[in-house]
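Asker: Here's a sequence, model it:
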Amino acid sequence: MIVRPADELERGVRARSARLYTRDAGSGQAVLLLHAFPLNSRMWEPQLAVLAGGCRLIVPDMPGFGLSPAPATTPSLDDWARAVVAVLAALDVDRVIVAGLSMGGYLAFRLIEPLGPRLIGMLLADTRATPDTEDAAVRRHELAAEVEMSGVEAAAAEFLPKLLGRTTQRTRPELLDRVRAIILENTPAGVAGALRAMAARPDSTPLLARIRCPVLCLAGDEDVVTPPDVVGAMAEQIPGARMRTVPLAGHLTSVEVPEAFNDAVGELLDRSVRR
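Answerer: Residues are numbered from 1 along each chain as shown. Next up, the predicted model:
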C-alpha cells in the first residue's frame, strides 16, 4: 500500500442534497467511515493518514458535528441514513464498504436496506444492534437537555471517562486531551439531536441475519461501553462474520490502536473486493 500525507489526498465537499460536510480522500474502492458519539470526522485522521493511499475514504460529519451545519429539527438515524446515501450519490459512489464505530455502527445498520447490493462489506466496531434500555434512553434525554443548557462540555464530562481504555488513560493522557478537543468542536444542537436519535433508535437485531456481505466485528478488550462479549454475541448472528478483539483498547479502537483498526479495514477490503 502506498502511503501519502493526508493533506495531499484530502478534499472536503458539501453535498447540496445532504448538507453534510464530507472528507473525500484517496482513490479506488470506496470505504465510508461513520464517526462515534460525541466526536466528528476528525477521529478518523489516523485512517486518513494511512489508508487513503490504497482506497477512497468517504468521511462525513453528522449534522451539527464538525463542519456540518446543525440540524433544524430533531433527527433520526434514518434521516441521517438518507443524508449519507445522498452524499454517496453526490460523489458518484456505487459499491461501498461501510465502517461504523459506536454511534457510527448504529447508523451503519440503517444503511443496510437503502444500499442493498451496493453494500459490499461492513466493519462494525465497538457497537451493538440492540436498542437502548428504558433507563439508558431516559439518561440520553436528560443529557441532551443538559447540553442545550450548558454546552457540549456536559457531554464531554459524561463520556470521556468511558471512551478510552484504562491503558490509554494511564499511558497516553495527551490522547484524552485530543479526544476532548474534538468533542468540543461540535454544536450543542448536533450533540443533543444525536442523543435523542440514539435514544429512539430501533432494534437492528432482525437485520443481522439478512446481511450478505463480508462483515468484520471489532471490540477493544478494555471497552466498558460495548465489551467484547457483547460485540461477539452480535457477530454470531451475522452469517460468516468474523470477530476481532483489539488489545489495550477501550471504546475508540480506531483512535487508540489505529494500526489494528487499519489492518482490519485492509482485511475487509481484501475479502470484499475479491468476491
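Asker: Report pLDDT for the nearest residue to I97 once chain neighbours are set aside.
Answerer: Leaving aside its chain neighbours, I97 sits nearest to G121 (3.9 Å; criterion: C-beta to C-beta, 6 or more residues apart in numbering). Glycine gets a C-beta too; all of them are placed from N, C-alpha and C. We have a pLDDT of 98 for G121.
Asker: Need the residues that contact the strand or helix carrying G121.
Answerer: Taking DSSP states H and E as the definition, G121 sits inside strand 119-125. With C-beta atoms under 8 Å, 6 or more residues apart in numbering as the test, strand 119-125 has contacts from 95-102, 104-105, 108, 111-112, 211, 213-219, 231, 234-235, 253-254, 261, 264-265, 268-269, 271-273, 275.
Asker: Which members of these are positioned in helices?
Answerer: Of these, the ones assigned to helices by DSSP state H are 104-105, 108, 112, 231, 234-235, 253-254, 261, 264-265, 268-269, 271-273.
Asker: hmm, back to that, so how many other residues sit close to the residue nearest to I97?
Answerer: G121 has 24 neighbouring residues, counting by other C-beta atoms under 10 Å.
Asker: Now do stretch 70-78: distance to the chain's middle.
Answerer: 17 Å (C-alpha atoms, centre = their mean, to the nearest Å).
Asker: Just the terminal-to-terminal distance for that stretch.
Answerer: In stretch 70-78, first residue to last residue: 17 Å (C-alpha to C-alpha, to the nearest Å).
Asker: Give me the mean pLDDT for that stretch.
Answerer: In this model, stretch 70-78 carries a mean pLDDT of 92.
Asker: In the chain, what residue spans correspond to strands?
Answerer: Assigned by DSSP state E, the chain shows strands spanning 10-14, 21-25, 30-34, 56-60, 96-101, 119-125, 215-220, 242-246.
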